[in-house]
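K.L.:
with the sequence up front, the predicted model follows.
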Amino acid sequence: MSKAKKTILSDDHATALADLFRLLGDPTRLRIVVACLRTPLAVSDIAERLDLSVSLVSHHLRLLKGARLVRADRQGKQVYYGADDAHVRRMVEDMVVHIAEH
């Protein structure tokens with residue numbers, strides 16, 4: 001199989017990837033993901049840092065978690081949200097650097 005054929009996305013994968021980028025296309029959701037890239041944060045901490053309501057942050061986190069862009073870790077009564085994995089972290093950080101270059 002040629003290298004070109006390996007890089008072509010199937011329809012299902014293209015749709016899934018487009019859905020991820022659509023989620024990140026919302027400035028509020030993108031700011032939430034960036035806020036918790038390095039250190040997992042509680043909903044209230046994210047809301048305070050971004051000057052958003054807790055209910056709005058919770059709504060966006062539910063969507064981001066469903067897309068596996070963030071994960072939730074419970075510690076006692078508190079839930080902390082962070083990047084789901086290194087792939088998400090690298091992708092978003094690389095794009096932040098890319099946009100800052102111009």
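P.N.:
All right, it came through fine. Residues are numbered from 1 along each chain as shown.
K.L.:
strands along the chain, start to end?
P.N.:
Counting by DSSP state E, the chain has these strands, from start to end: 41-42, 70-75, 78-83.
K.L.:
okay, those strands in TSV with distance to Leu50 next?
P.N.:
C-beta: built from backbone N, CA, C; applies to glycine. Formatted as TSV, these follow (distance: least, C-beta to C-beta, whole Å):
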stretch	distance to Leu50
strand 41-42	10
strand 70-75	14
strand 78-83	12
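K.L.:
residue ranges with poor pLDDT in the chain?
P.N.:
Residues of the chain that meet the criterion pLDDT under 70 lie in 1-6.
K.L.:
save the strands of the chain as a markdown table, and put in mean neighbour count and distance to His60 too.
P.N.:
Converted to a markdown table, the strands of the chain look like this (neighbours: other C-beta atoms under 10 Å; distance: least, C-beta to C-beta, whole Å):
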| stretch | mean neighbour count | distance to His60 |
| --- | --- | --- |
| strand 41-42 | 18 | 13 |
| strand 70-75 | 14 | 9 |
| strand 78-83 | 18 | 10 |
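K.L.:
to Arg49, which of those lies closest?
P.N.:
For the strands of the chain, the distance to Arg49 is smallest for strand 41-42, at 7.4 Å, taking C-beta to C-beta.
K.L.:
for that closest one, packing partners?
P.N.:
strand 78-83 (3 or more C-beta pairs under 8 Å, 6 or more residues apart in numbering; DSSP states H and E).
K.L.:
residues contacting the strand it packs on, please?
P.N.:
Contacts of strand 78-83 with the rest of the structure, by C-beta atoms under 8 Å, 6 or more residues apart in numbering, involve 33, 36-37, 39-43, 46, 61, 64-65, 69-74, 89, 92.
K.L.:
at 6 Å instead, please
P.N.:
Residues from elsewhere that reach strand 78-83 (C-beta atoms under 6 Å, 6 or more residues apart in numbering): 36-37, 40, 42, 61, 70, 72-73, 89.
K.L.:
go on, stretch 89-102?
P.N.:
So stretch 89-102 is contacted by 33, 37, 83 (C-beta under 6 Å, 6+ apart).
K.L.:
at 7 Å what do you get?
P.N.:
By C-beta atoms under 7 Å, 6 or more residues apart in numbering, the surrounding residues in contact with stretch 89-102 are 33-34, 37, 83.
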